[in-house]
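Novice: okay, predicted coordinates and the sequence, questions at the end:
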Amino acid sequence: GAGVSQSPSNKVTEKGKDVELRCDPISGHTALYWYRQSLGQGLEFLIYFQGNSAPDKSGLPSDRFSAERTGGSVSTLTIQRTQQEDSAVYLCASSSQRYEQYFGPGTRLTVT
Amino acid sequence: GEDVEQSLFLSVREGDSSVINCTYTDSSSTYLYWYKQEPGAGLQLLTYIFSNMDMKQDQRLTVLLNKKDKHLSLRIADTQTGDSAIYFCAESITGGGNKLTFGTGTQLKVEL
């Protein structure tokens, strides 16, 4: 079946602009995660959605970052007033069980 | 706190076995994972082990867990050029929503 998909695959934006990154999880997966991969920080957890529960936002680096998950499926990660340090690959993962996470191909964000 | 460490680089000859090592510090780890990342791609789940297990074998892959020393290893038998990639170990914590803490990644280079 289809895996996790993310769009866009690449995004170049100017410093100060807002960006939205999209994740389509595997159908039926109730859990959805966002991670960030950057040269300086490695792979970092950002936010986690599980069903209808309140999301775990403990990994979001600043209040410029937010995410929502509509209808328990598609998720959007929004970064407001982007900074150069936001440049990274943003990875989405989904899971139907509590111990297997399947990752999408990522969105490479470049802030100029 | 959570901290996962790996050596940065490993080079092996085709046909040899590769052993990639990982140490972690959080004794509450529930599951430990190995992911593979090829250039420009997302993370591929290779295998995982529950923390009450010592070993898990899956075709060419063998995972060994020494919980006392908080040491995890991944052995790849008969390493092929297609195994060249970055390998990440990761841990998840009980009650943590299964969010993953990743190691720094080990780049495996397979030479002919």
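Specialist: It's in. What you see is a predicted model; the values in this text were computed from it and never measured.
Novice: tell me which element the most centrally placed residue in chain A falls in.
Specialist: Nearest to the geometric centre of chain A sits residue A:34, at 3.6 Å (C-alpha atoms, centre = their mean). In the assignment (DSSP states H and E), residue A:34 maps to strand A:31-38.
Novice: quick one: the strands in the chain?
Specialist: All of this refers to chain A. With DSSP state E as the criterion, chain A has strands at A:5-7, A:10-13, A:19-24, A:31-38, A:42-50, A:65-69, A:75-79, A:88-95, A:102-103, A:107-111.
Novice: um, chain B though
Specialist: With DSSP E as the criterion, chain B has strands spanning B:4-6, B:9-13, B:18-24, B:29-37, B:43-50, B:55-58, B:61-66, B:71-76, B:85-93, B:100-102, B:106-111.
Novice: will you turn those into a markdown table that also has mean pLDDT?
Specialist: Shown next, in a markdown table, are these (pLDDT from 0 to 100):
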| stretch | mean pLDDT |
| --- | --- |
| strand B:4-6 | 92 |
| strand B:9-13 | 97 |
| strand B:18-24 | 95 |
| strand B:29-37 | 90 |
| strand B:43-50 | 93 |
| strand B:55-58 | 94 |
| strand B:61-66 | 96 |
| strand B:71-76 | 96 |
| strand B:85-93 | 92 |
| strand B:100-102 | 92 |
| strand B:106-111 | 96 |
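Novice: could I get these as CSV with mean neighbour count and distance to residue A:46?
Specialist: Heads up, the C-betas are built off the backbone N, CA and C, glycines and all. Formatted as CSV, the strands of chain B follow (neighbours: other C-beta atoms under 10 Å in any protein chain shown; distance: least, C-beta to C-beta, whole Å):
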stretch, mean neighbour count, distance to residue A:46
strand B:4-6, 20, 17
strand B:9-13, 13, 28
strand B:18-24, 19, 21
strand B:29-37, 22, 17
strand B:43-50, 17, 15
strand B:55-58, 12, 29
strand B:61-66, 17, 27
strand B:71-76, 20, 24
strand B:85-93, 23, 15
strand B:100-102, 23, 11
strand B:106-111, 17, 23
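Novice: need these in TSV (columns: distance to chain A).
Specialist: Listed next are the strands of chain B as TSV, based on distance: least, C-beta to the nearest C-beta, whole Å:
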stretch	distance to chain A
strand B:4-6	9
strand B:9-13	15
strand B:18-24	13
strand B:29-37	5
strand B:43-50	4
strand B:55-58	13
strand B:61-66	14
strand B:71-76	15
strand B:85-93	7
strand B:100-102	4
strand B:106-111	12
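Novice: tell me which of the ones you listed sits nearest to residue A:104.
Specialist: strand B:43-50 (9.1 Å; C-beta to C-beta).
Novice: within the sheet, what are the partner strands of that closest one, with directions?
Specialist: Strand pairing for strand B:43-50, using DSSP bridges, gives strand B:29-37 (antiparallel).
Novice: before we move on, back to that, nearest to residue B:102, out of the strands of chain A?
Specialist: Residue B:102 sits nearest to strand A:42-50 of all these, at 3.8 Å, using C-beta to C-beta.
Novice: for that closest one, packing partners?
Specialist: If you count contacts as 3 or more C-beta pairs under 8 Å, 6 or more residues apart in numbering or on different chains; DSSP states H and E, strand A:42-50 packs onto strand A:31-38, strand A:65-69, strand A:75-79, strand B:100-102.
Novice: let's see 7 Å
Specialist: Here strand A:42-50 touches strand A:31-38, strand A:65-69, strand B:100-102, going by 3 or more C-beta pairs under 7 Å, 6 or more residues apart in numbering or on different chains; DSSP states H and E.
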